[in-house]
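Trainee: next comes the sequence, and after it the predicted model I'd like to discuss.
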Amino acid sequence: MRILSGIQPSGTMHIGNYLGAVKQWVDSQSPEAFYCVVDLHALTLEIEPSVLREQTTDCVASLLAAGLDPEICTLFIQSHVPYHARLSWLLECVSSYGELSRMTQFKEKAERQEGYRVGLLTYPVLMAADILLYSAALVPVGEDQRQHLELTRNIAERFNNRYGEIFAIPEGVQPPAAARVMDLQEPTRKMSKSISSPLGSIYLLDEPADIEKKIKKAVTDTENEVRFDWETKPGLSNLLEIFSSFEGSAPELIASRYTRYGDLKNDLAALVIEVLTPIAKRYRELRSDPVSLRTIVYQGAEKATEVAAPVYYRAADAMGLVQ
Ligand code: TYM
């Protein structure tokens, strides 16, 4: 089945991105899977050009270190395939201002800044273009992207009804656990690249001592009972979901093994360190060879273009653009 997903190169990748999305990408990679670093999306917020440049390469190296294999799947940089921006314009012309301005992420981000960029509003249309260009059946993402996926489906259906059956209607896929990893210090807020308390996010490249410190200091509650219950124990339940995702067993089962928060935190820290340490090591090796990274993404863009270009031209033709 055709798969497409993307990640923004803004900020360092955290375990929310890893567990919510990237781990699913690694597990479902195949020649039919396309993964992109969405550098155009990163331009919707203020970012220094030199920082964007570095972080795009960092992001490519992190994805490879996490386990993506360019011999199996296609990894590319969004702006290297010009059809994303081109289809996005066509789709903007079948989207309404009203539906875009109702998007939760837009409202949250726009609230935090005066004079936000138009791109922040039209961002989900570019995301729809990313997905529809590849006729993706499945889109593995964290829970926060669910609304954007719904919008993509609506845009695709509207386009198909108006101009003919060009686009496949995609489904979002969320992992069974850790689809929404919360901030370790404020477990009612999502772990995020843009806003985060200093101890709130665990990054893929964190030192073991920092991982341990962050987990030990994670906010829980004043009771002493280890129970998986988001309503009354969000901090502990967040740790249990993270544990569940790293270990591959149910959070309730993990909870039943512990009577003390401290023991659970110690074991979770050891497990996270065991998984992330080799990723950080591979990252450092890969990042020290930018020429090889560039070759990988150039080849990826070529493969991606072969799939994306014909879909773009069919959509343009259906809308009446002279070919
Ligand atoms: P981005 O870059 O914010 O996040 C990348 C992926 O990580 C997931 N994620 C989380 N999952 C669980 N818990 C969290 N705290 C958490 N934070 C982030 C996101 O759900 C996402 O899957 N708009 C997208 C990028 C994008 C895209 C696409 C995705 C652009 N085009 C096409 C899929 C298909 C975004 O900003 O993700």
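Mentor: All right, it came through fine.
Trainee: quick one: the helices in the stretch 51-200 of the chain?
Mentor: 83-92, 97-101, 104-111, 118-132, 146-163 (DSSP state H, counting those that start in this stretch).
Trainee: what's the least confident stretch among those?
Mentor: The stretch with the lowest mean pLDDT among the helices of the stretch 51-200 of the chain is helix 104-111, at a mean of 92.
Trainee: what does the stretch 51-200 of the chain put close to the ligand?
Mentor: Neighbours of the ligand within the stretch 51-200 of the chain, by CB under 6 Å from any ligand atom: 127, 130-131, 139, 141-142, 144-145, 148, 179-181, 190-191. Where C-beta positions appear, they are placed from N, C-alpha and C, glycine not excepted.
Trainee: what about 8 Å?
Mentor: 78, 105, 123-124, 126-127, 130-131, 136, 139-145, 148-149, 178-182, 190-193 (CB under 8 Å from any ligand atom).
Trainee: drop anything exposed from those.
Mentor: 78, 123-124, 126-127, 130-131, 136, 139-145, 148-149, 178-182, 190-193 (16 or more other CB atoms under 10 Å).
Trainee: mind checking what secondary structure residue 302 has?
Mentor: helix (DSSP: H, G, I helix; E, B strand; the rest coil).
Trainee: so what's it up against?
Mentor: Residue 302 makes no contacts at all, as judged by CB atoms under 8 Å, 6 or more residues apart in numbering.
Trainee: ok, now how distant is it from residue 235?
Mentor: 46 Å (CB to CB, to the nearest Å).
Trainee: apart from its neighbours in sequence, what residue is nearest the closest residue to the ligand within the stretch 51-200 of the chain?
Mentor: Of all residues in the stretch 51-200 of the chain, residue 142 sits closest to the ligand, at 2.3 Å by CB to the nearest ligand atom. Among residues not flanking residue 142 along the chain, residue 20 sits closest, at 2.9 Å (CB to CB, 6 or more residues apart in numbering).
Trainee: please apply the same query to residue 60.
Mentor: Leaving aside its sequence neighbours, residue 60 sits nearest to residue 293 (CB to CB, 6+ apart; 5.3 Å).
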